[in-house]
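Engineer: make a model of this:
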Amino acid sequence: MSRTASFTCAALVAAVIQVLCVSWNLSAAEPEAKRFFPPDASDMPAYTLPDVLTTIDGRETSTADAWTAVRRPQVLELFRKHVYGRVPATAYQKSFQVVRQDRNAMGGTATLKQVDVTVTAAAKSLTIHLALFIPNQAPKPVPTFLLICNRGPENIDPTRQTKSEFWPAEEVVARGYGIAAFHNADVDPDKHDGFRDGIHGILDGDKREPDAWGTIAAWAWGASRCMDYFETDPDVARDQVAVIGHSRGGKTALWAGAEDQRFALVCSNDSGCGGAALSRRQNQQKETVAKINKSFPHWFNDHFKTYGGREESLPVDQHMLVALIAPRAVCVGSAEQDLWADPRGEFLSVVHAEPVYRLFGRQGLGANSEMPAIGESLHGDGMHYHIREGKHNLTLFDWKCYLDFADREFRKVK
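Structural biologist: Next up, the predicted model:
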């Protein structure tokens, strides 16, 4: 058979296949159908959220000034009293020491600074070991991500002998961002030790009140001490620092952003109950106020423990925590299989925090009131949400979503 005859035969076969595909409604180029998070099961009871804009005395908050002067302080105080606790007024001193600097880190692409952030009160001291990479080729100062690491220190290895998607320093530096991290145990141990160790043992008085700060509030306080250092480092853009955490670290990042308005971007990854997920949503698959306080009695204050099984009595819910970030930017990320963290409840917190963003002229997620498809992101105005496939984890996919949104916020990239 000649080459011409061979090509003619092949073309004829292709044409027949094309006709059959059309008649059978088949197409190799047809995109895969999108997958969405399933709707709530029938065992989800109805609930009513507290109105984020209604003040304690029943007045409507209608302007940004009124939110800033009246309603925001009220909401912040409600969370201190009923959920996270308040930082004691104990005076302390702080100091910063760059104990190691390597200008040729990551094969010359970054400068590594290892910084001791030391806090002292009444002859007791505590040191937070902060690792910071600054991209060498990026114009200074650089926007910077601070990870509150709630996993083993090998996940934030400054030597880079051990690398983890949990803290993908090379990828973040390649995007032109600084990336820093500290281990939460440097601030306070993640155990119910009677609040004798860590920063509690330094700043707490003789008696702890029911609204005394828990461990999550202590970790958030530690993130702010790292922010204190960033304000002294000319390589860090102090007005473009993002705080990020996963799981209990995500709860911490949200509270850090609520308490400390110097953080320009707050990223909460799979933070669940006591984080981004609404407490009033109840079903058998998700963590609840009762469950979390039984498993981790040291995370929150004593008042929060009394709301187990009666979440409707809480004067706040987590959409109000997200609203405390406004008008600064907030990101919430979920995972499809992480039902314990209630992905839909995390998404709804973002949606119901939007009215506060609108007071400041920011549209939030805008018309996007439905969850995105699995593996997709909603980049809004001051607000971001994504849900990926997989389990409870902080992955490179999550980081990419947060970096893409940071580009929009910090660099005005569409």
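Engineer: any weak-confidence spans in the protein?
Structural biologist: With pLDDT under 70 as the threshold, the chain has low-confidence stretches at 1-31, 414.
Engineer: and the most centrally placed residue in the chain, helix, strand or coil?
Structural biologist: In the chain, the centroid-proximal residue (CA atoms, centre = their mean) is S268; its distance is 1.4 Å. Of the three states, S268 takes strand according to DSSP: H, G, I helix; E, B strand; the rest coil.
Engineer: same deal with K251?
Structural biologist: Here K251 is recorded as helix under three-state DSSP.
Engineer: swap in F36?
Structural biologist: Applying three-state DSSP: F36 is coil.
Engineer: show me the contacts for the residue nearest to it when sequence neighbours are not counted.
Structural biologist: Nearest non-adjacent residue to F36, counting by CB to CB, 6 or more residues apart in numbering: A373, 5.5 Å away. For glycine as for every other residue, the C-beta is placed from the backbone atoms N, C-alpha and C. Contact partners of A373, counting by CB atoms under 8 Å, 6 or more residues apart in numbering, are 34-36.
Engineer: quick check, nearest of those residues to A253?
Structural biologist: A253 has its nearest neighbour among the contacts of A373 in F36, at 26.6 Å by CB to CB.
Engineer: identify the residues contacting the closest one.
Structural biologist: Counting by CB under 8 Å, 6+ apart, F36 makes contact with 371, 373-374.
Engineer: check I56 too.
Structural biologist: Residues in contact with I56, defined by CB under 8 Å, 6+ apart, are Q74.
Engineer: can you classify it by secondary structure?
Structural biologist: Applying three-state DSSP: I56 is coil.
Engineer: before we move on, what about Q284?
Structural biologist: Once three-state DSSP is applied, Q284 turns out coil.
Engineer: same deal with P297?
Structural biologist: coil.
Engineer: any idea how far it is from H192?
Structural biologist: From P297 over to H192 the distance is 5 Å, taken as CB to CB, to the nearest Å.
Engineer: again with V70
Structural biologist: Distance of V70 to H192, given as CB to CB: 37 Å.
Engineer: swap in R262?
Structural biologist: From R262 over to H192 the distance is 31 Å, taken as CB to CB.
Engineer: tell me which of those two has more neighbours.
Structural biologist: More neighbours surround R262 than the other of R262 and H192, with 16 against 12 (other CB atoms under 10 Å).
Engineer: now do the strands in this structure.
Structural biologist: Using DSSP state E, the strands of the chain run over residues 93-104, 110-121, 124-135, 142-149, 178-183, 236-246, 265-269, 329-335, 376-379, 383-388.
Engineer: surely E170 meets K163?
Structural biologist: Yes: between E170 and K163 a contact is recorded at 7.3 Å, counting by CB atoms under 8 Å.
Engineer: who has more neighbours out of these two?
Structural biologist: In this view E170 and K163 are compared by other CB under 10 Å, and E170 has more residues nearby, 17 against 14.
Engineer: got the contact list for the more buried one?
Structural biologist: 106, 109, 160, 163.
Engineer: and the two most separated of those residues?
Structural biologist: T109 and K163 (14.3 Å).
Engineer: can you put the strands of the chain in CSV and add distance to A66?
Structural biologist: Shown next, in CSV, are these (distance: least, CB to CB, whole Å):
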stretch, distance to A66
strand 93-104, 34
strand 110-121, 36
strand 124-135, 37
strand 142-149, 31
strand 178-183, 35
strand 236-246, 25
strand 265-269, 23
strand 329-335, 21
strand 376-379, 28
strand 383-388, 21
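Engineer: give me whichever of those strands is most buried.
Structural biologist: Mean neighbours per residue, mean count of other CB atoms under 10 Å, is largest over those for strand 265-269, with a mean of 30.
Engineer: what sits up against that one?
Structural biologist: By CB under 8 Å, 6+ apart, strand 265-269 touches 145, 240-247, 249-251, 253-254, 256-257, 275-276, 325, 328-333, 346, 394, 398, 402, 405-406, 409-410.
Engineer: and the helices in the stretch 301-414 of the chain?
Structural biologist: 302-305, 318-323, 343-359, 396-410 (DSSP state H, counting those that start in this stretch).
Engineer: mean neighbour count added to those helices, as JSON lines?
Structural biologist: Below are the helices of the stretch 301-414 of the chain laid out as JSON lines (neighbours: other CB atoms under 10 Å):
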{"stretch": "helix 302-305", "mean neighbour count": "18"}
{"stretch": "helix 318-323", "mean neighbour count": "28"}
{"stretch": "helix 343-359", "mean neighbour count": "24"}
{"stretch": "helix 396-410", "mean neighbour count": "20"}
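Engineer: need these in TSV with distance to M383, can you?
Structural biologist: Converted to TSV, the helices of the stretch 301-414 of the chain look like this (distance: least, CB to CB, whole Å):
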stretch	distance to M383
helix 302-305	26
helix 318-323	8
helix 343-359	6
helix 396-410	9
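Engineer: out of these, flag the one nearest H129.
Structural biologist: helix 396-410 (22.0 Å).
Engineer: next, the angle strand 383-388 makes with that closest one.
Structural biologist: Angle of helix 396-410 versus strand 383-388, following axes from the mean of the first three to the mean of the last three CA atoms, to 10 degrees, is 160 degrees.
Engineer: what helices and strands are in contact with helix 396-410?
Structural biologist: If you count contacts as 3 or more CB pairs under 8 Å, 6 or more residues apart in numbering; DSSP states H and E, helix 396-410 packs onto strand 142-149, helix 169-174, strand 236-246, strand 265-269, strand 329-335, strand 376-379, strand 383-388.
Engineer: what does that helix contact?
Structural biologist: With CB under 8 Å, 6+ apart as the test, helix 396-410 has contacts from 143, 145, 165, 168, 171-172, 175, 177, 237, 240, 242, 244, 264-265, 267, 269, 329, 331, 333, 375, 377, 379, 382, 384, 386, 388, 413-414.
Engineer: then that helix to CSV, C-alphas only?
Structural biologist: Below are the C-alpha coordinates for helix 396-410, written out as CSV (Å, rounded to 0.1, in the frame of the first residue of the first chain):
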residue,chain,number,x,y,z
LEU,A,396,1.8,22.6,48.3
PHE,A,397,-1.6,23.1,46.6
ASP,A,398,-2.8,25.1,49.6
TRP,A,399,0.3,27.2,49.6
LYS,A,400,-0.1,28.0,45.9
CYS,A,401,-3.7,29.2,46.6
TYR,A,402,-2.5,31.5,49.4
LEU,A,403,0.4,32.8,47.3
ASP,A,404,-1.8,33.5,44.3
PHE,A,405,-4.2,35.5,46.5
ALA,A,406,-1.3,37.3,48.2
ASP,A,407,-0.2,38.4,44.7
ARG,A,408,-3.6,40.0,44.3
GLU,A,409,-3.5,41.7,47.6
PHE,A,410,0.2,42.8,47.9
